[in-house]
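> here is my input; please provide its structure:
(one chain, ligands or ions: 2)
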Amino acid sequence: MANILITGGAGFIGSHLTRLFVNKYPQYQIVNLDKLTYAGNLENLKDIENAPNYTFVKGDICDEQLLQSLFEKYQFTSILHCAAESHVDRSITDPLSFVRTNVIGTVTLLQVAKEFWKNNMDGKLFYHISTDEVYGSLGETGFFVEDTAYDPRSPYSASKASSDHFVRAYHHTYKLPIKISNCSNNYGPFHFPEKLIPLCIHNIINNKPLPIYGKGENVRDWLFVEDHVSAIDTIFHNGKIGETYNIGGHNEWTNIALVKELCKQMDAKLNREPGTNEKLLTYVTDRAGHDMRYAIDATKLKEELGWMPSLQFEEGLSKTIDWYLANTEWLTNVTSGAYQKYYEGMYGA
Ligand code: NAD
Ligand code: TYD
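Ligands and ions are numbered 1, 2, ... in the order given. Purely as a prediction, here's the structure:
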């Protein structure tokens, strides 16, 4: 038995994680606490909303009283902390909302967990889900390992780095049992179309320009979201208390090569002439402070816990495109309303 609080479970990664835990562990009681910001969507969890071991609570991780009442009611034994503001571009225009949720929200959660668990930390776990962006930006060579010095360079990564530091500080100072994982860029179903891959899929479907920042030479290391949550499952159950694990799939792509692969696959899937979608490629002004390259060395996770990614990128991308093509209603719903305003502010038309 375990009573688990998942925060941010209505978001992209959180919804995959919640689904995995609800379905795979019927003996666990799962409470999903999510504020339902623009990025949170209960449609992402339709298939499990009536599961007997699942409860949804709408609320903010910064709300200490709400957290206390939830701890009282559900007597949590573990926390899987996913809730965050997660988009670099939004962090450039509105850094304070990132400080609020990612830093203050995380510390509020740590504080409440510490108070509730202080008399008996046995069997308790605060699992913090984080990003490789805390390590900064790589040149053409090298990889991020677990003890790479932190060097965050965007307001997003600075807020996540800060939250990681607080999680470690609670472990060292108060002996709070913690684990942290830092993962590379994720892609897959239910990804909000503000991020590169779902934004380009959405624009290709609608014959709209594909905005490539700068020269498109920046490199990201992509992992299918179901592989990320399977790694979290492995670390949650078998990882060591107090440890950090990097998660990644050795799958580096320049943005331009990735979007061209997407164009090619979608030409075929949409019965368009080869080369049609590439005509939509449009180079736009670069992101301020754009990190050049991220690349994860996940050797520790492989050697200590035996975890490996299951999917090749081309296959994962194909599955992802198929999901979006089969779920145009989801895409229409999330891109109506506030999304239009965001898109016009970011990209013009
Ligand atoms: P997301 O933006 O899709 O989802 C975030 C969720 O958190 C949403 O459901 C939102 O409603 C909720 N939320 C936001 N503020 C909240 C608050 N104050 N209180 C309660 N809920 C709140 O993000 P994601 O891409 O699923 O990322 C989840 C976690 O994984 C984040 O911590 C992120 O830093 C980390 N991560 C993401 C990636 C990636 O590629 N997306 C890679 C590595 C790590
Ligand atoms: P993104 O999906 O926002 O993830 P992150 O910035 O966290 O890595 O962006 C991935 C890469 O794609 C990044 O180098 C920025 C670039 N990008 C574009 O070229 N155009 C776009 O419209 C977006 C959203 C991103």
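> which residues of this structure lie near ligand 2?
By CB under 6 Å from any ligand atom, the residues of the chain that approach ligand 2 are 88, 185, 195-196, 199, 211-213, 218, 220, 255, 287. Heads up, the C-betas are built off the backbone N, CA and C, glycines and all.
> now, which of those lie within helices?
Judged by DSSP state H, helices contain the following of the residues of the chain next to ligand 2: 88, 196, 199, 255.
> would JSON lines of the residues you listed with distance to ligand 1 be doable?
Shown next, in JSON lines, are these (distance: CB to the nearest ligand atom, whole Å):
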{"residue": "V88", "distance to ligand 1": "10"}
{"residue": "L196", "distance to ligand 1": "10"}
{"residue": "L199", "distance to ligand 1": "13"}
{"residue": "N255", "distance to ligand 1": "14"}
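> if we can go back for a sec, now, of the residues of the chain next to ligand 2, which are buried?
88, 185, 195-196, 199, 211-213, 218, 220, 255 (16 or more other CB atoms under 10 Å).
> pick out the most distant pair among those.
N185 and P211 (17.0 Å; CB to CB).
> and the helices in the stretch 101-250 of the chain?
Taking DSSP state H, counting those that start in this stretch as the test, the helices found in the stretch 101-250 of the chain are 106-117, 155-174, 196-205, 225-238.
> dump these to TSV, plus mean pLDDT.
Formatted as TSV, the helices of the stretch 101-250 of the chain follow (pLDDT from 0 to 100):
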stretch	mean pLDDT
helix 106-117	98
helix 155-174	98
helix 196-205	98
helix 225-238	98
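> so which of these is nearest S97?
Closest to S97 of those is helix 155-174 (CB to CB; 9.4 Å).
> and the angle for that closest one with helix 106-117?
Going by axes from the mean of the first three to the mean of the last three CA atoms, to 10 degrees, helix 155-174 is angled at 20 degrees with respect to helix 106-117.
> so which bits of helix 155-174 are buried?
Neighbour-count burial for helix 155-174, counted by 16+ other CB under 10 Å, picks out 155-164, 166-168, 170-171.
> find the closest residue to ligand 1 in the chain.
In the chain, no residue comes nearer to ligand 1 than G11, which is 2.0 Å away by CB to the nearest ligand atom.
> follow-up on the earlier one: of all the buried residues of helix 155-174, which two lie farthest apart?
It's P155 and H171 that sit farthest apart of those, by CB to CB, at 25.2 Å.
> now A288, nearest residue through space, not along the chain?
Using CB to CB, 6 or more residues apart in numbering and skipping the chain neighbours, the partner closest in space to A288 is I92 (5.7 Å).
> hmm, back to that, of the residues of the chain next to ligand 2, closest to E49?
Using CB to CB, the residues of the chain next to ligand 2 come closest to E49 at K195, 24.8 Å.
> the closest one reaches H87, doesn't it?
Yes: counting by CB atoms under 8 Å, K195 does reach H87; the two are 6.8 Å apart.
> within reach of ligand 1, which of the buried residues of helix 155-174 are there?
Among the buried residues of helix 155-174, ligand 1 is touched by K160 when using CB under 6 Å from any ligand atom.
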